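Participant: Predicted coordinates and the sequence they were generated for:
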Amino acid sequence: MRCLGIDYGERRIGLSYGDELGVATPLPALTDAAPEKRWAALLACARRRRVAAIVLGLPLNMDGTAGFKAREVEKFAGRLRAELGLPVHLVDERLTTHEAEASIPKAKRRAVRASGLIDSRAATLILQDFLEQTLPPPPPPPAPAPEDARP
């Protein structure tokens, strides 16, 4: 199943893509200053990649409760469902941004943040988590062939 992973933010939208292979790959983040342009680009990306589902990070509080940002993301999910007619899966995204930032040297984080690289890495972590929970595990490798018995 082709999926688009999303790390939603007010200024940037991180994106990733995954398919039947079960590997999430980062895509360029949507960083346009105008929210309507980011929305149009998001819809175009989903349609161009012919995704069958959206996987959206849900920013729960550390105690597992839904705060203001989680409700904002739920509203965004409803808008995606209405516009694209696709299932939108909400995935707990606690600490994904922190994990994505940790992969970038501290000295470069400020410059990288505006590019959306961290957001797309977070979207990749969100989508990979979903794929690992959803897709069946790969089959075991075939057993080695028995060696010829020689006298």
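Facilitator: Yep, it's here.

Participant: use CA for all of it now, contacts and neighbours both
Facilitator: OK.

Participant: Any idea how many residues pack against residue 73?
Facilitator: 19 (other Cα atoms under 10 Å).

Participant: Okay, it and residue 22: tell me how far apart.
Facilitator: 25 Å (Cα to Cα, to the nearest Å).

Participant: and if you look at residue 61?
Facilitator: 28 Å.

Participant: a helix runs through residue 25, doesn't it?
Facilitator: No. Residue 25: not assigned to a helix; according to DSSP: H, G, I helix; E, B strand; the rest coil it is strand.

Participant: My read is that it contacts residue 6, right?
Facilitator: No. Using Cα atoms under 8 Å, residue 25 is not in contact with residue 6; the gap is 11.7 Å.

Participant: anything in contact with each of these two?
Facilitator: residue 16 (Cα atoms under 8 Å, 6 or more residues apart in numbering).

Participant: Neighbour count for these two, which is higher?
Facilitator: residue 6 (31 against 19).

Participant: A strand includes that one, no?
Facilitator: Yes. Counting by three-state DSSP, residue 6 is located in a strand.

Participant: backbone phi and psi for the residue nearest to residue 93 when sequence neighbours are not counted, please?
Facilitator: Once flanking residues are discounted, residue 93 sits nearest to residue 57: 5.0 Å by Cα to Cα, 6 or more residues apart in numbering. Main-chain torsions, residue 57, degrees, to the nearest 10: phi -70, psi 130.

Participant: contacting residues for residue 57?
Facilitator: By Cα under 8 Å, 6+ apart, the neighbours of residue 57 are 5-8, 73, 90-93, 123, 126.

Participant: Quick check: ChimeraX command selecting the buried ones in those.
Facilitator: Of the contacts of residue 57, the buried ones can be selected in ChimeraX as follows, counting by 16 or more other Cα atoms under 10 Å:
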select :5,6,7,8,73,90,91,92,93,123,126
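
Participant: So which of the contacts of residue 57 sits lowest on pLDDT?
Facilitator: Lowest pLDDT among the contacts of residue 57: residue 93, with 84.

Participant: ok, now how distant is it from residue 7?
Facilitator: 8 Å.

Participant: try residue 144
Facilitator: Distance from residue 144 to residue 7, by Cα to Cα: 43 Å.

Participant: Repeat that for residue 23.
Facilitator: 17 Å.

Participant: Kind regards, and thank you for your time.
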